[in-house]
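Novice: Generate a structure from the sequence data that follows.
(chains A and B)
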Amino acid sequence: MEAEALKFFIACVTAAGFGIAVAASFCGIAQGLGLKAAVEGIARNPESSGKVTVTMLIGLAMIESLCIYALVIALILIYAHPQAAAIAGLLGGVAH
Amino acid sequence: MAHPYLFFVKLFEAIGLGHFAQSNVHVIYSWVVMILLLALGALGGKGVKLIPGKAQNVFEILISGIEEFMVDVTGEEGRWLFPLAATIFIYIFACNLIGLVPGFFPPTASLNTTASCALTVVIFTHIIGIKYHGAKYIKHFLGPVWWMIPIVFPIEVIGHVARILSLSFRLFGNMMGHELVLGILFGLAGAFFAPLPIMGLGIFVALVQAFVFFLLSIMYFTGSMEHAH
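Specialist: Predicted coordinates for the structure are as follows:
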């Protein structure tokens, strides 16, 4: 029955929403910690500002990539679930 | 998601190859980037003089800047890797940037392009390892002591496969996410120039992601050149 397939889709989208929210919040905390250390380093030693900034940007890009992995999974769940047709057929078939 | 209007796809449709163009957008646009880079390179290399003129000066600063940065990371013995590493950096940077032009699609927003770049880099690290160490390259994967081999070897192999995944997904996710946000904002409030701040961020993200790919590649190359711990 379509109600089952729709419930499955609702579950997927809910999981995607919560997943990306959790990933983004922890990514924010982690990048904030890295930024805090970089700014403290520049404050102690303004001459090293160039190197510290470059290192900080590289570190932020690495941390951000973890959030991007979660975003890719969320996008797959919403738009391109690979088993969507199979599961819809299975649930439709069981109801019949 | 609505299909955006893409110039070169329309061009291919006009000459009758529409179906090929629609399903292989990233290939068409990587050809566009390749032609652009080849033209720029030919222009830059024309009439190279010993005392450089203005344009040659700019190119020399850019190229030698990348080369010195690379040698800082890999050491003097890694200088021969410069053509590959600089190509990766310039190609990915150009691919990322071309997505900001209206009517163009960034080839790196497709997993095919990024996975191919990541595979090239990781397979090349193995080629470097075998070239420098021969059969003893396997020692890189075996860990410090002989009785830990059953634990350490699968972990090292998984780590290497994870490199391919992380390199490709990092670049793909950044570019695809950027495209999606632009598409959604354009649909929501396109008349009020809503996508513009995101495009400004996009220039920064394009540079940072190309640079991170380049930096990780040369760190992997360095890791396979040095002696096993």
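Novice: Where does the prediction get shaky in the chain?
Specialist: Because you didn't say which chain, this covers chain A. Flagging of chain A using pLDDT under 70 yields the residue ranges A:1-2, A:82, A:84, A:88, A:91-96.
Novice: should've been chain B
Specialist: Ranges of chain B meeting pLDDT under 70: B:1-4, B:228-229.
Novice: in the chain, which residue is closest to the centre?
Specialist: As the question left the chain open, I've gone with chain A. Taking C-alpha atoms, centre = their mean, the centroid of chain A lies closest to A:A70, which sits 2.8 Å from it.
Novice: was after chain B, sorry
Specialist: Note: chain B centre (C-alpha atoms, centre = their mean) maps to B:I92, 3.6 Å.
Novice: before we move on, which element is the closest residue to it other than its chain neighbours in?
Specialist: Closest residue in space to B:I92, ignoring its immediate chain neighbours: B:A210 at 4.3 Å, by C-beta to C-beta, 6 or more residues apart in numbering or on different chains. In short, each C-beta sits where N, CA and C put it, glycine included. B:A210 belongs to helix B:196-225 when assigned by DSSP states H and E.
Novice: go on, B:I151?
Specialist: Using DSSP H and E, B:I151 sits within helix B:149-189.
Novice: picking that back up, what is the helix holding B:A210 packed up against?
Specialist: Helix B:196-225 sits against helix A:49-79, helix B:54-74, helix B:82-98, helix B:111-133, helix B:149-189, with contacts defined as 3 or more C-beta pairs under 8 Å, 6 or more residues apart in numbering or on different chains; DSSP states H and E.
Novice: Tell me what angle that helix forms with helix B:149-189.
Specialist: On the basis of axes from the mean of the first three to the mean of the last three C-alpha atoms, to 10 degrees, helix B:196-225 is oriented at 170 degrees to helix B:149-189.
Novice: for chain A, what are the nearby residues on chain B?
Specialist: B:1, B:166, B:169-170, B:172-174, B:176-177, B:180, B:208-209, B:211-212, B:215 (C-beta under 8 Å from any C-beta of the partner chain).
Novice: Go through these and say which is closest to B:A115.
Specialist: Among the residues of chain B next to chain A, B:F172 lies closest to B:A115 (C-beta to C-beta), at 7.8 Å.
Novice: which ones are touching the closest one?
Specialist: By C-beta atoms under 8 Å, 6 or more residues apart in numbering or on different chains, the residues touching B:F172 are A:V72, B:T108, B:A109, B:S110, B:L111, B:T114, B:A115.
Novice: Let's see that with 7 Å instead.
Specialist: B:T108, B:L111, B:T114 (C-beta atoms under 7 Å, 6 or more residues apart in numbering or on different chains).
Novice: Good, wrapping up.
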